[in-house]
Every structure is written in C-alpha cells, then in structure tokens.
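>>> Could you look at this predicted model? Sequence included:
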Amino acid sequence: MKQKEAKMNRYNSDINVIGSIPDYQLIVKTIKLYSVDDKAMRDAIIKRNEFDFKTENSRKRFLAAVNSAFLNFQNKDHEELITDLFSHHISLKTQQLILFWQFSFSNKLFFEISRDVFIKNYFSGRVLFAKEDIVAYIKDLSSSTPELKGKFTDLTISTIASKYLTVLKKLDLVEGKQKKSFKHIQVSNEALVVFLHLLNAVEPNGADILQSKYSLLAMVSPESFAERVKLLAKKDFFNMSFNGVALKIEPIHTNKGIADVLFN
C-alpha cells in the first residue's frame, strides 16, 4: 500500500461527485479494499466492476473522487489510522462520522462549508439548514478569494450547495427531502476517541486542540468538549494535559492498537 500525498491546498468541486454516489457503503468497501492493496482495489472496481457501474468512465470517476476525498492523507500515521479503522467492525453511525471527518480533512471547500456554515448554524440552535445559506457563503468566499474568482459559475455553486446537503443527508447529519433540517448528533465516546486520534495524526505537533481549526468537527459543543476529553483520558484512551486554557493529548496506543481497543 503506497502512501498518498495529501492535496487539500486547492479548492475543487469533488462535493458534486461524492454527493452523486448512491450508496456510501461503496466508499467504505473501497477504503477496505485499499487497506489490503491499492492494485486490488483498482482491479475490483475498474476491471471486474464489482460495484456494478454502467460504464468504465463512471467507474473511473467514482474511484478518482474517492481517492481525492477519502484516500487522501496528511502523513503515514493518518493513512494507517484510517485504513486500520475500516478493517474493524464499526457501527454505521461511527462509519458515517469518520467519513464526514475524513472528507473534511481532505477537501478544502467541504471543510470550510462544514466549519463556517453547517456547524455554526447547528450550534446556534437553528432547525432548518437552507441551501441558500451555502450558496451565499460560496459566493462570498469566491469574491474574497483570488483562487476562486471566476472558478465557479452560479449553476456550479447551486449544484455544490445541493450536493453538499445530499452528502450530509447520506451521512445522517441532516434529514428532509426538499427542506433539510438538522438532526440531533450524538457522538459516542468511541467516536470521539477516534476523532481525537485522527486530529493527533493530522496535526502531530502536540498543539492545543482547542485552538485547532478542526476541533469543531467533533460535533461536540465547545462547553462540554474539554470535560468529555478529560473523562476519556481517565479511561486510559490517551494521556491529557489541561491548564484551564490549553488542552493537549498524547496517544497511549498505536494507530492499530486504538482500533483494537475500541472495536474488538
């Protein structure tokens, strides 16, 4: 298995392709195949068409999108943790959260919409999550970001907003047909431990996790986040230091070891 270099520094419209995938268990199966062998994954999907796509182009488009969105790693530890997690039996809810986190780590636009629109509105107590909120955000981002000026047409922005909501619905984070509403998201202790280990793998410098740009992705309220981390540290999932301001964690288990502890 060859480590893939992370490419999150540029904006793209991968959200549209990921939102069009009909069954996200196909993504899970692809990650599992990759964890065994990259060539075996390609043979299963492209040559043998085990996922039953209609055309070779659709198979290649699916694999390219999954490579970009979910098999895109910051470093070897990040890759090892993701692939080992999916080699274990994990509940559907935890799988969905890991896919949400991994897409956020891999895709700049998905991350920024998640942080600045979805999570912000979720914690504000709003009931409905409107497509127009996402459209307005992308237009503002496009006007203030040189890289994005002229990159997306109004139609593309509208499609990205729609597909973003579709991704969240398929990950069971919102519900509804025409109008989407926020679901109450309950992150289990096991899922939060996974998130903290992912955060440590993505940002391995031992910095204050409360200051990480990714910390809100945990979907745990800022008021209870530190307290929940303390409780998990007492259960020996990791070591923790907290001085009332900065919160740092240090893994006790290896990447493979933590998956064994949580899911065996």
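Looks like it came in fine.

>>> can you give me the helices in the stretch 51-200 of the chain?
With DSSP state H, counting those that start in this stretch as the criterion, the stretch 51-200 of the chain has helices at 56-69, 76-85, 92-106, 108-113, 119-123, 131-144, 154-170, 189-202.

>>> now these in a markdown table, with distance to residue 11, mean neighbour count and mean pLDDT?
Where C-beta positions appear, they are placed from N, C-alpha and C, glycine not excepted. Shown next, in a markdown table, are those (distance: least, CB to CB, whole Å; neighbours: other CB atoms under 10 Å; pLDDT from 0 to 100):
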| stretch | distance to residue 11 | mean neighbour count | mean pLDDT |
| --- | --- | --- | --- |
| helix 56-69 | 12 | 17 | 94 |
| helix 76-85 | 21 | 21 | 95 |
| helix 92-106 | 13 | 21 | 97 |
| helix 108-113 | 5 | 20 | 98 |
| helix 119-123 | 19 | 17 | 96 |
| helix 131-144 | 9 | 16 | 97 |
| helix 154-170 | 10 | 19 | 97 |
| helix 189-202 | 19 | 22 | 95 |
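
>>> mind putting those helices in CSV, distance to residue 48 included?
Formatted as CSV, these follow (distance: least, CB to CB, whole Å):
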stretch, distance to residue 48
helix 56-69, 10
helix 76-85, 21
helix 92-106, 24
helix 108-113, 30
helix 119-123, 39
helix 131-144, 37
helix 154-170, 25
helix 189-202, 31
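
>>> Tell me which of these approaches residue 21 most closely.
With CB to CB as the measure, helix 56-69 is the member of those nearest residue 21 (6.7 Å).

>>> can you give me the offset of the closest one from its chain's centre?
Mean C-alpha position of helix 56-69 versus that of the full chain (CA atoms, centre = their mean, to the nearest Å) differs by 17 Å.

>>> Contacts for it, please.
Residues from elsewhere that reach helix 56-69 (CB atoms under 8 Å, 6 or more residues apart in numbering): 4, 7, 12, 14, 17-18, 21, 26-27, 30-31, 41-42, 45-46, 49, 51, 53, 102-103, 106-107, 110.

>>> Give me the angle between it and helix 154-170.
Comparing the axes of helix 56-69 and helix 154-170 via axes from the mean of the first three to the mean of the last three CA atoms, to 10 degrees yields an angle of 70 degrees.
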